[in-house]
Structure formats: C-alpha cells, structure tokens
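Asks: predicted coordinates and the sequence they were generated for:
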Amino acid sequence: MTDDVLHLVRRATWGPTPGLLEEVAAKGPAAWLEEQLRPASVGDPVCDAFLGLFPRLKLSIAQSRARFRHGDWGTMQQLSYATIGRYTWSRRQLFEVVCDFWSNHLNVTNPVTALFADRHDYDANVVRRHAFGSFADMLVASSRHPSMLTYLDGRFSQVGSINQNYGREVLELHTVGVSGGYDEHAVDDVARVMTGWTFKGDGTAVFDPRRHDAGAFSVLGWSTGVHNTAAGPQVQESLLRHLAALPATARQIATKLCLRFVSDTPPDALVTRLAGTYLQNGTQIVPVLHALFASPEFAASAGAKTRRPLEGYVAAVRALGAMPGTEGAGGADVLFTQARSLGHAPLSWAPPNGYPDVAAAWVSAGSTLRRWNANHDLVVRRKPADLRWPASEPLLTSPPRTWGEFVGTLVQRLLYRPTTPREASALLQFCEKQAASPVVQGDPWLTTRFPALAAMALNAPAHMER
Amino acid sequence: MSLAHAPLDRACDEGRRWSAAAVLNRRTMLKALGGAVTLVATEAVHTQVALAAPGYTGDTLVVLSLRGGFDGLSAVVPGGDRAYYDLRPTIAVPRSRLLQLDGTFGFHPSLAPLLPLWKKGNLAVVHGVGSPDPTRSHFAAMAEMERAAPGTSLRTGWLDRTLGGRGVAQDDAFAAVQIGSPTAPQSLAGPAPELATSSLSGFQLTGPRDDADRRRWSTCLSTLHTQGPTTIVAPGRTALTAADRLATLPGAAATSLYPAGDLGESLADVARLVKAGVGVQVATVDCGDWDMHENLGAAGDGWMSDKLTELAKALAAFATDLGPALSKVTTVTMSEFGRRAVENGSGGLDHGHGNAMFVLGGGVNGGKVYGAWPGLEDDQLVEGALAGSTDYRAVIGEVLTQRCGAGSLQDVFPGLATGSPLGLVRRG
C-alpha cells in the first residue's frame, strides 16, 4: 500500500479497512475512484441486507401518514439507524460521504416530530437521488419537499402573509452565501416568489395558485414579470436554477467541497478551478469531484484534515471489522446513541447550516473523553453488543516475537501506518514492556488486557487524521 | 428555521426531548461559509480579550433552562388580575392556596420551599418577560433565545460570546460547564471551550480497573497527546486534566439534601464544582418536561405541581448546599416561551409567549416581583398569551453587568437597546 492509497481512502470513505486498502491498491486509486463515482456498479450485499431491517423507509409519505399516528418517531428513528449503518457498512463509501455532505448543506434536522411522515422521503428523493446528479435538480427538489417546506416554513408563507425563513436561507446557506451580494429586498423577493405551497391531507405537498404571489420580482440578475399564478412552480424553478448556476454559488459549493475533502483553509486556486468545473458542467457534481480528487492540492493535503467525532467513531468500528447484526436495528441503534453522546449524531444538527466541517468547531474535552470510552467499549465488544464481530478475531494473527514488534504491528493494523517512536514508547510503557522483551504466550496483555492496549492505539491522535 | 405552528404538532415531543439535548449541538462553524459576519464579530471579541485582565472575579452564572415551555402564570400566579380566573376555569390556583408575594402575585403552593429564600431577599421574580422572536415553536424559540442576536447572522450563542469577551483560554476545563447532558446548549455554541457531561461522576475513563490502572491510562494518553493536530491533542489534554481534577474533588453534598431526579443531581454537581473553586464562570443545567398541553393538574397534585415541587426543592437545596458561596453565584431560569393565558380543551396550555424568570443569588435584591405587568385582559394579550414587557436579554444583561463584570453588552446581545435597569441585583 502506498501513501496515496491511504490518503484517498481516508478522505473518500468513512474509514479504511484492511480489505478496502488492499482493494484500492489492487485496482489502483483512479480505477477505484471511477467505480465509486458510479455507485450502481458497486455491489453492496451486506448493506442491502442490513437495510432490510428498516421497512418503513420504503413507504411513501401518504402511506406513512396513513399508517402511523401523528408524531410517531419510528420512521425517523429507522432513518437515523439506516444512515449510520450505511456510513459504516456500505461499499459505496464515497456516495455515503457525499450524501452526508448534502444532508448538511440542505439540512433538515432529523428527528423532529412534524417531519414524522416525510423526512425519510427527503433523504431518499432529495439527497440520495441527486447526490451525484446536478445541484440545481437537488435544490429544486428540496424547495418543494414537505420536509423543507416545514423545516424552513415555506408552507406557511403565502401571498399577503410572507414568511422569509426559506427565502433567507436559500440565499445565505443553500446558494450564493452571506457575501453573495444580495440585500434584504432580495430575501423578501425570493420569499414571495416561493409562495404557494401547502399540504394535502395525505401529507404530500401541493401548489395552490391562490397562495402564490404572482408579482414582478428581480433577484441577482434574474427577473419575472407579473405572471399567471398557475405558472408559480415554473417561475420558482427558473429562479432556483438561476441561483444554482451563479458564480457565487459555484464558489460556495466548491469551497465547502474543499472543506470536506481537502483542507480547513481551502486553497483559493482550487476553489476557483472547481467553481469553473461546476459551472461548465451545468451544476453537475461528479465532474467537480473528479477534478477535486485529481488536483495537486488534494494530493498535497494529506494530514490537513481531522475527523469529526462521528467519523472517528465509525472509522473505529470499521477498523475493528464489526458487521451489522441481523435482529432489531442490527446494532445501529447503539451506534447512533454513541454518536449522539459524542455530539455528532447523523442528520441531527438543529440549525439550518448543517454540522460544521472545520476542526476548530469540534474542540471539546467532553466529547474527547467519551470517544476514548467509546473506543474501549468497541474493543471489548461491550457496545454495541449485537453487532457481528469477526470470529474469535485476533486483531493480530501470529503474534510477533518482541513487544516492540507487537506494538508496531498493532498500530499498523489499526492506524494503517508504521508507529511513531512516541506512540510506541507510550504503548510499551502502558503495558510495562521493553521493545526488545520477547512476547511470551499467556501474557495477560495478549489476552485479558489486550483490549485496553488496542483501545489505546485507537485513542492515538493519529486515528483522528482524515 | 421553525417547526412551529405547532398546534399541528400536538405531541410536541421536541419540548420534552430537548431536555435530553437529543438534537441540540454545541458547535458552529466560524471559519466556514455564511459566517463572514460571525467571523468579524468573533475577531472583534478576541481582540478585546487580549487586552482583558486575566482572572475572572465575578459571580458564577448558573443558567437553568426550563425546556418545553414553562408556564410562568402557574408558578407566579397573578391572582390579583381577575382575568386569570376567567381564563383558567379548571386549572387556576385558587386564591386561598396562593403563597401571597404582593398585592398581585402569589407563588403556586408547590413553590413553598422557595419562600425562605424570598423572605431573605435572595430570590426575585421578573414577570412578563418576553423574547423579541414571537415564534411559538420549541425548536425555533430555543435556538433564537440561545443565539440571542436577532437581526444578525451570528451563529454563536450568548454565553459563548460572554466567555469570549473574557478571554477564556482553550484549556480552561471548567470555565463553562453543562451538567445533565453530554452536549452543551446552543447558548454555548462557538469558540469558547466548555465541558459538557451528564454528571461529574460520569466524566471519567471507563476502561481502567482501579486507581493504579487509571494513572497508567492517564500517563499513556497524556504521552500520546503530545503529538498531533492541536484541535485533537488540546482537548485531549484538557479532558485528562479535568478528569484528574474531578477525581480529587471533595465529595458531593448529602444526596438527601436534594430531591430525587436529574435536576437535583445536576445542581448538586454544580454546587460541588463551585465550592471546590475550580473556576466555574458559567454553568448550564436543563430541566425539561414543561410542555403541558394536557392534564396540567390541580394546585395540590398533578404534573405542574410535581414539577414545581421538584424545581423549588432543587433550588432551595442548591442555595443551602452553596452556603456562604451563594454570595458569588447568581442563578437565572429561562424558558423558550410561556404558555397561553387561556387553558385549552384538555386541561392544559398551548404555546404562548410572555413568561416569568426566577433570579436567585447572594447579590439579588430579592423578595420582589419585577417588570411591568402586561395584564391578562383580552386586549392586553398577544394571540392569547401574556405579552412580554421586559426583554429576557435585559434581565440577563443586568446580571452580567452588575454581577459578572461585563462592560458593554454589544458583543453579547448585539442590538439590545439600553433601558433603565430593573434594580434586580446589587453591583458586586
């Protein structure tokens, strides 16, 4: 395995596994990436079987509404569990990383009671459907989905009684950004253009022309004349497609993709190039990702990102090789609870700006301590107990001769790179061994105390490098 | 954002679940997008910090969040406003049961444990407190109240900005603590560090088998965290320092002092930290389950009575536990909104607006209900709810300037108009 394989896998997945690193090395990073960008071509039997535990996610909005009492959290819970399970076990790893990215960019918090019948549909038909498609399509789909219409109040905004919530956030967060050159007047105009959506009794969204403000408006180079109210949806779509294709939006999305995949301080030249790629390709995402991963800035950015709590936790589960159970939520419920205790449960960020993706935003002593405890729980298989663990898995097959080699092998196995002298000395001191002392069968540090040693390797700051 | 208009939302689960901080998260992105304004504001704060004298000497500010929509009208009852009894035919507290405070107000009988503090002058009430944001969504109202920067793009919380203004160091483990849940409230969102934990006893490594093993773990983690990205190793070292320090703290007060339950346990932990002198500047504690849309109960028993009993006993125990340290602690209660003045068809109360805040501490000019009473007549209500005549930020602002050494409040509460002080607390 070469350094570029490890770098790519750390960034493009939820964490390496020994098998995945071998696969990428064998196929070559470029070929593997190609495959990842066509997720339908990647077989995913383990994850498919796991998702069978969550039948509610297949229901339409109307079916969910008819079947469950108002405020039933069950479907949203299944979404939470399915999401962390997909991150952990899907072989379409890059797709799952990008879904997480868009879920935060077009954030709609889950779970929240009012979304009980539709949030899973937002996930399927807005985020997952368009994650590798065009941003303009995703933006339009989000704007008229019941979840977004509830979350940002679009359903309550109508001609003569405007709610600016969505109008503001679509500019500030979804498209051009706070420095995108719009004013309060533009916020109001966008809010007015977007009026007209309401809900049917079955919980689906419907456009009601009587609620639409069919006036003349202009926003950031786009304009409409006074129009027929029935044309509202087309007018809205044209506005959103215009916003999606503005240079400021291109820069904002390019910057955020760089924050995700390259660095907390995105290189300006790369942002400019990626914004250009985005615009030249009609807001298509995949060409931008291609350009990003092929860039010298990406290649030079190894070590420049750190994992957030959820990523550190999921990466630990992946490193240890735990697979989903077959009962209940397959252990994903416990994964989710642990992620929540780390302050980073998937889809759970409350404000509309999504989880931050810069390391400085995640500095937390409490979360750090819980991460260490969660690592220990994983290694001793205490939580989640109902995962399937590799049979009698010795993390290290054929123990090395000396403790120095032993610790080195352990670090290589869990952190995927040779140990540093400091890590080695810390771990040797931890198990009261000298580097040269021989490994003797029956030593408690090979058996009962081994989990503490393995947890300690996962607690090394290097595990948090993305 | 808002999930409001929550009449649709009868179950209102958020109101209860917030207390577990299930969907609350603490950190916001500062460098990232849409944060230009935030960044500028933050940098301004930090410039100020560099010049500020180190060593905070003000009060410990305890913010007790009554999540779910606390009904101030049931707690501090305007029995002297005759409309009150018309509006609440089945759930009003009978005049004969009120613990009379003045000509207008009386405590709910379940607040009896607070009367001694009231009489001693350590406890005050501000009634008719409102938020500039009229939303009645739990979700949106809490977010706005804790951001406390209406009309700006700031995404930090007011407590974070308060700490930022004091130049709290990143490795100061105990300057800001959230006790009772593992994630801090949005009021602490932003760059200042905080320690959030379900309980002090829970803030420890679970791997070690005994004290000797704990030292072994601590040494190893400490060595490992001498190398690596600052954003990973710095909180690691802070966690170790905090865990070590917590392991040596004097024990908690007798558990019999506090009522059973999370609130008592959390306040006992706060008192323990304060008395140990570890440098707590702000502490946040949540007390949920106030979202009483149905069966609120009678004065003597039921949901409201039980909750008020727990609240009063816990606050009284906290004051007793602190003892002389109460002179340097100010506690304020907050809630995202009050409830409608008129009871609903289920013997409960829907989401409203104006509310009551309790202020407890050694520096409080207590024994008085502050604030201009908005009144409960039809034309005085806002959409069926008590109006807000005092901005909650003004109440906190007065505590910050008089007790917590704050100068200008512009960074903490941008855009807050300076009004005449209520006289709620003495300068200290």
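Replies: Thanks, I have it. Numbers count the residues shown, from 1 in each chain, chains lettered A, B, ... in the order given.
Asks: what about the strands in the chain?
Replies: Using chain A here. A:197-199, A:205-207, A:217-219, A:222-224 (DSSP state E).
Asks: ah, no, chain B please
Replies: Per DSSP E, chain B has strands spanning B:60-66, B:76-77, B:99-100, B:106-107, B:123-130, B:176-179, B:195-197, B:282-287, B:329-334, B:355-361, B:369-370, B:390-391. These are given in chain order.
Asks: residues contacting the closest residue in space to A:Lys305 that isn't next to it in sequence?
Replies: Nearest non-adjacent residue to A:Lys305, counting by Cβ to Cβ, 6 or more residues apart in numbering or on different chains: A:Arg466, 4.0 Å away. (Each C-beta comes from the backbone N, C-alpha and C, glycine too.) With contact set as Cβ atoms under 8 Å, 6 or more residues apart in numbering or on different chains, A:Arg466 has these partners: A:Arg10, A:Arg11, A:Lys305, A:Thr306, A:Arg307, A:Glu311.
Asks: from those, pick the one nearest chain B.
Replies: Distance to chain B, by Cβ to the nearest Cβ, is smallest for A:Thr306 among those, at 5.2 Å.
Asks: re the thing from before, quick check: PyMOL command selecting the buried ones in the contacts of A:Arg466.
Replies: To isolate in PyMOL the members of the contacts of A:Arg466 that are buried, counting by 16 or more other Cβ atoms under 10 Å in any protein chain shown, one can use:
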select buried, chain A and resi 10+11+305+306+307+311
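Asks: could I have stretch A:317-333 exported to CSV, CA atoms only?
Replies: C-alpha atoms of stretch A:317-333 as CSV (Å, rounded to 0.1, in the frame of the first residue of the first chain):
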residue,chain,number,x,y,z
VAL,A,317,-16.0,0.3,14.0
ARG,A,318,-14.7,-0.2,10.5
ALA,A,319,-11.1,-0.7,11.6
LEU,A,320,-12.3,-3.4,14.1
GLY,A,321,-14.3,-5.2,11.4
ALA,A,322,-17.7,-5.3,13.2
MET,A,323,-20.6,-6.1,10.9
PRO,A,324,-24.3,-5.5,11.4
GLY,A,325,-26.4,-7.9,13.4
THR,A,326,-29.5,-9.4,11.9
GLU,A,327,-32.0,-8.6,14.7
GLY,A,328,-33.7,-5.3,15.6
ALA,A,329,-31.7,-2.5,14.3
GLY,A,330,-28.7,-4.7,13.8
GLY,A,331,-26.7,-2.7,16.4
ALA,A,332,-27.1,0.5,14.5
ASP,A,333,-29.3,1.9,17.3
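Asks: neighbours around residue 112, how many?
Replies: Going with chain A. Residues lying near A:Val112 (other Cβ atoms under 10 Å in any protein chain shown) number 26.
Asks: wait, chain B was what I had in mind.
Replies: By other Cβ under 10 Å, the residues close to B:Ala112 number 15.
Asks: apart from its chain neighbours, what residue comes closest to it?
Replies: Of all residues not flanking B:Ala112 in the chain, B:Leu99 sits nearest, at 6.2 Å (Cβ to Cβ, 6+ apart).
Asks: residues of the stretch 201-350 of chain B that sit close to chain A?
Replies: Proximity of the stretch 201-350 of chain B to chain A (Cβ under 8 Å from any Cβ of the partner chain) is limited to residues B:203-207, B:216-217, B:219-221, B:223-229, B:231-236, B:238-239, B:242-243.
Asks: A:Arg318 and A:Trp14: what is the separation?
Replies: Computed as Cβ to Cβ, to the nearest Å, the A:Arg318 to A:Trp14 distance reads 6 Å.
Asks: give me every residue in the stretch 51-200 of chain A lying close to chain B.
Replies: By Cβ under 8 Å from any Cβ, the residues of the stretch 51-200 of chain A that approach chain B are A:70-71, A:73, A:109, A:111-115, A:150-153, A:156, A:165, A:169, A:172-173, A:177-179.
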